[in-house]
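Trainee: Fold the following, please.
(chains A and B, ligands or ions: 2)
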Amino acid sequence: MDQKIAIKVDDLTVAYNYKPVLWDIDLEIPEGVLMAIVGPNGAGKSTLIKSILGILKPIAGSVSIYGKPYEKQRQLVAYVPQKGSVDWDFPTTALDVVMMGTYGSLGWIKRPGQKQKKAALEALEKVGMLPFKNRQISQLSGGQQQRIFLARALVQNASIYFMDEPFQGVDATTEIAIINILKELRKAGKTVIVVHHDLQTVPEYFDWVTFLNVKKIATGPVKDIFNDDNLTKTYGINYKVSIQE
Amino acid sequence: MLLQAYIINNKVMSNAQIEIQIIASIAAIACAIPGTFLVLRKMAMISDAISHSILPGIVIGFFITQDLNSPLLILLAAVTGIITVILVEYIQKTGLVKEDTAIGLVFPALFSMGVIMIAKNANDVHLDVDAVLLGELAFAPFDRLVVSNIDLGPKSLWVIGSILILSIGLLFAFFKELKVSTFDTGLAASLGFSPAILHYGLMSISSVTTVGAFDAVGAILVVALMIAPAATAYLLTNNLKRMLLYAVGFGVFSAISGYWVAHWLDASIAGSITTMLGIIFLLVYLFAPNKGIIAVLYREKQQRTEVSLLTFLLHLKNHTEERERNVNHLNEHINWQKVRSKTVLDLAFKNNMIVIKNKIVSLTDKGDAFTTKAIDYIITNKDTQIEYMKDDFFLFRG
Ligand SMILES: Nc1ncnc2c1ncn2[C@@H]1O[C@H](COP(=O)(O)OP(=O)(O)OP(=O)(O)O)[C@@H](O)[C@H]1O
Ligand SMILES: [Mg+2]
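Mentor: Ligands and ions are numbered 1, 2, ... in the order given. Down below sits the predicted model:
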């Protein structure tokens, strides 16, 4: 199988206040995979995503999206941040937040119109949040907020999706709804990268996985590399997940 | 003769009166625009810092131009404003102190530099700290812009008017960019709207507005006009555009009403406007329909009653034995105080949820349907549906 490389990370080192939290990361993510990034708290998972997205400047190394730097490929990428990184009391409604996903394609100064609104409403429908479109976002439950952010990413109509812990604090129904949407995206040929904490569900949800703890431990198809050895290397303790096949 | 003088005098006064109100209103609008974003970014303190630390910029500008209204002065002051912001952020980034501490370190330092410069060099020049800091709206109409003998109106009106036009232009052009970067910096960055550019753009326009407004209205009123209307508007709406409009409205209303309060009480105009801003904030804080204190307390009380009602109905549904449903024994069984159980009983009764026969309470069909539905929603974790359901069932609310 000869797949295009969607994301390529070369020798990436990132530091906050001169303390490296990602060390010399090399990574190639093929197009069309649904990939989990796993690793303990503070492993640098969020940092990795933020550096790929140019939100953080690395001290060394480079990132390319389909062979070009991120700045040239913004349109291709959508991002759902880890919960709590936005101002929940901001005077804005669910619909408005989803509309923000269309801003990237508009560029500077141009304002959203009917077309953008329609796209936003469709995305809300897809995640089952249409009845809540006029709610102020702090008046939504955690799982509902997560769905809104998923809708915002969908409306970006990207080729590559990054999601930082989309299952954090959501119930089983919402989790299944979200994973089904992600699987649909993969079916449509999109690349989806998800920071994920529940190791039990990795084999069921994902087809590709990256183990990360400051350094990259391993990356590849779940069926080849999702094993106790890599888990132990990543989490430091003697890890045993019994994967029932 | 006397009458004529009186009329002329009065006419001059009323022209000046109108001009003062226009200047104050325009300053209020100009301040409300950046102020709204400062409040949303939780940067209210920084406007205070800017308003003081731009003093050295003004002083240096004044030494160069010898003119308090020169555009260079505004430019230099704005630059000092930006330097303030950069210094604050730099100190904060060291991780040794929090933001408010950093602000507290930077602005007194810059401010005192300005004061020392004035004391050292400006003894014989018309420039004193009071004039710069307090400003005096009452005098604003007397400093006029005269070009080849034509009186074009008060200078400060031109200054603050141009700044207002500039910030309205920027607001229209970059509204969505400011919105997204204020709400979610990460998204803004990943969409290609540099949060740094927007941040410093906002800081620049805040500094320019501060400088432009405070020659006319004084530093204290500038800060009040930036923060208070926006903070008030914030309590009233979930829509950013409306928040901006309300902030502008409150600013202008306070400016004009404050002016007249000052006129009647023969008090300081800036002081009266600031007082009006405070009073309006307080009123909204108490009475705002959703976020106001009274509304919150009322809602909590209503929710308590509704929860009690639901508990009560559930109790009735779960207990077929009559002794559990006797009016006199309900208190013991559900363990409520008398008053509460009476409210709940009344509410249930008024809404036809229960009937009382021989002191025995039973659910009506409607009450039964309501309870069944509520249990269902609670178990399936669809609490939000209960809200709609309540609207369907309740005629009278608790
Ligand atoms: N803004 C920051 N300033 C300084 N250090 C930071 C900052 N953000 C993160 N760090 C540090 O960088 C390291 C990696 O953080 P990161 O958020 O990438 O971890 P993570 O793998 O996403 O963790 P989690 O599973 O808890 O989300 C942590 O040690 C964290 O303390
Ligand atoms: Mg994280």
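Trainee: What's the separation between B:M117 and ligand 2?
Mentor: 48 Å (CB to the ion, to the nearest Å). C-beta here means a position set from N, CA and C on the backbone, and glycine is covered the same way.
Trainee: residues near that residue, how many?
Mentor: For B:M117, the count of nearby residues is 18 (other CB atoms under 10 Å in any protein chain shown).
Trainee: Specify the helix with the largest residue count in chain A.
Mentor: With secondary structure taken from DSSP state H, chain A has its longest helix at helix A:172-187.
Trainee: give me the element the residue of the stretch 151-300 of chain B at minimum distance from ligand 2 is part of.
Mentor: Going by CB to the ion, ligand 2 is nearest to B:G186 of the stretch 151-300 of chain B, at 11.9 Å. Assigned by DSSP states H and E, B:G186 belongs to helix B:185-191.
Trainee: Tell me the helix or strand right after that helix.
Mentor: helix B:195-217.
Trainee: hmm, stretch A:50-70 touching chain B?
Mentor: Yes. Stretch A:50-70 comes into contact with chain B (CB under 8 Å from any CB of the partner chain), by way of A:50, A:53-55.
Trainee: what does the average pLDDT come to for whatever helix or strand B:T182 lives in?
Mentor: B:T182 belongs to helix B:155-183 when elements are defined using DSSP H and E. For helix B:155-183, the mean per-residue pLDDT is 94.
Trainee: if we can go back for a sec, which other residues reach the longest helix of chain A?
Mentor: Contacts with helix A:172-187, where a contact means CB atoms under 8 Å, 6 or more residues apart in numbering or on different chains, come from A:32-34, A:126-128, A:143, A:146-147, A:150, A:154, A:161, A:163, A:166-167, A:170, A:192, A:194, A:205, A:207.
Trainee: Determine how far the helix or strand that it is followed by lies from the middle of the whole chain.
Mentor: Reading on from helix A:172-187 to the C-terminus, the next helix or strand found by DSSP H and E is strand A:191-195. Chain-centre distance of strand A:191-195: 5 Å, with CA atoms, centre = their mean, to the nearest Å.
Trainee: how about strand A:191-195: buried residues?
Mentor: A:191-195 (16 or more other CB atoms under 10 Å in any protein chain shown).
Trainee: One more: stretch A:160-178?
Mentor: Across stretch A:160-178, burial judged by 16+ other CB under 10 Å covers A:160-168, A:170, A:174-175, A:177-178.
Trainee: So which of those residues sit within strands?
Mentor: Among the buried residues of stretch A:160-178, DSSP state E puts A:160-164 in strands.
Trainee: ok so, going back, can you add secondary structure and neighbour count and give the residues of stretch A:50-70 next to chain B back as a markdown table?
Mentor: Output for the residues of stretch A:50-70 next to chain B, formatted as a markdown table (DSSP: H, G, I helix; E, B strand; the rest coil; neighbours: other CB atoms under 10 Å in any protein chain shown):
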| residue | secondary structure | neighbour count |
| --- | --- | --- |
| A:K50 | helix | 23 |
| A:L53 | coil | 23 |
| A:G54 | coil | 18 |
| A:I55 | coil | 20 |
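Trainee: hmm, back to that, which of the ones in strands among the buried residues of stretch A:160-178 sits closest to ligand 1?
Mentor: The closest of those to ligand 1 turns out to be A:D164 (CB to the nearest ligand atom; 7.1 Å).
Trainee: The residue of chain A found nearest ligand 2: how many residues sit nearby?
Mentor: When scored by CB to the ion, chain A has A:S46 as its residue closest to ligand 2, at 3.1 Å. Using other CB under 10 Å, A:S46 has 20 neighbouring residues.
Trainee: ok, it touching A:Q82?
Mentor: Yes. Applying CB atoms under 8 Å as the test, A:S46 and A:Q82 come out as touching, 5.5 Å apart.
Trainee: Does anything pack onto the strand or helix carrying B:L110? Which helices or strands?
Mentor: Under the criterion of DSSP H and E, B:L110 resides in helix B:99-121. Packing partners of helix B:99-121 (3 or more CB pairs under 8 Å, 6 or more residues apart in numbering or on different chains; DSSP states H and E): helix B:44-53, helix B:55-65, helix B:71-93.
Trainee: could you redo those helices as TSV and give each row mean neighbour count?
Mentor: Shown next, in TSV, are the helices and strands packed on helix B:99-121 (neighbours: other CB atoms under 10 Å in any protein chain shown):
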stretch	mean neighbour count
helix B:44-53	24
helix B:55-65	21
helix B:71-93	20
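Trainee: For my notes, please list those in CSV and give mean pLDDT and distance to ligand 2 for each entry.
Mentor: Shown next, in CSV, are these (pLDDT from 0 to 100; distance: least, CB to the ion, whole Å):
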stretch, mean pLDDT, distance to ligand 2
helix B:44-53, 84, 29
helix B:55-65, 84, 42
helix B:71-93, 85, 21
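Trainee: Minimum distance to A:W88: which of those helices has it?
Mentor: helix B:44-53 (18.6 Å; CB to CB).
Trainee: can you list contacts of that closest one?
Mentor: Surrounding helix B:44-53, the residues in contact under the criterion CB under 8 Å, 6+ apart are B:34-35, B:38, B:80-81, B:83-85, B:88, B:99-100, B:103, B:106-111, B:114, B:133, B:203, B:206-207, B:210, B:214, B:219-220, B:222-223, B:226-227, B:231.
Trainee: Check the residues you listed for burial and list the buried ones.
Mentor: Here, 16+ other CB under 10 Å leaves B:34-35, B:38, B:80-81, B:83-85, B:88, B:103, B:106-107, B:110-111, B:114, B:133, B:203, B:206-207, B:210, B:214, B:219-220, B:222-223, B:226-227, B:231 buried among the contacts of helix B:44-53.
Trainee: Could you list every helix and strand in contact with the helix holding B:G186?
Mentor: Under the contact criterion of 3+ CB pairs under 8 Å, 6+ apart, helix B:185-191 touches strand A:77-80, helix A:103-106, helix B:155-183, helix B:195-217.
Trainee: Dihedrals phi and psi, A:D10?
Mentor: Backbone torsions of A:D10, given as degrees, to the nearest 10, read phi -120, psi 120.
Trainee: next one: A:I217
Mentor: Main-chain torsions, A:I217, degrees, to the nearest 10: phi -90, psi -50.
Trainee: OK, contacts around the nearest residue to it once chain neighbours are set aside?
Mentor: Excluding its sequence neighbours, the residue lying closest to A:I217 (CB to CB, 6 or more residues apart in numbering or on different chains) is A:F211, at 3.7 Å. A:F211 sits next to A:38-39, A:217-219, A:225, A:230-231, A:233-234 when contact means CB under 8 Å, 6+ apart.
Trainee: now with 7 Å?
Mentor: A:F211 makes contacts with A:38-39, A:217-218, A:230, A:234, as judged by CB atoms under 7 Å, 6 or more residues apart in numbering or on different chains.
Trainee: ok so, going back, count the residues that sit near the closest residue in space to the residue of the stretch 151-300 of chain B closest to ligand 2 that isn't next to it in sequence.
Mentor: Counting by CB to CB, 6+ apart, A:P81 is the residue found nearest to B:G186 once chain neighbours are left out, at 4.8 Å. With neighbours defined by other CB under 10 Å, the count for A:P81 comes to 25.
Trainee: and what of A:Q73?
Mentor: Taking other CB under 10 Å as the criterion, the count of residues near A:Q73 is 17.
Trainee: how about the helix or strand where it lies: buried residues?
Mentor: In the assignment (DSSP H and E), A:Q73 maps to helix A:70-73. Within helix A:70-73, the residues that count as buried by 16+ other CB under 10 Å are A:70, A:73.
Trainee: tell me the mean pLDDT for that helix?
Mentor: Averaging pLDDT along helix A:70-73 gives 87.
Trainee: Return the closest of the buried residues of strand A:191-195 with respect to B:G271.
Mentor: Nearest to B:G271 among the buried residues of strand A:191-195, counting by CB to CB, is A:V195 at 54.3 Å.
Trainee: Alright, I will stop here.
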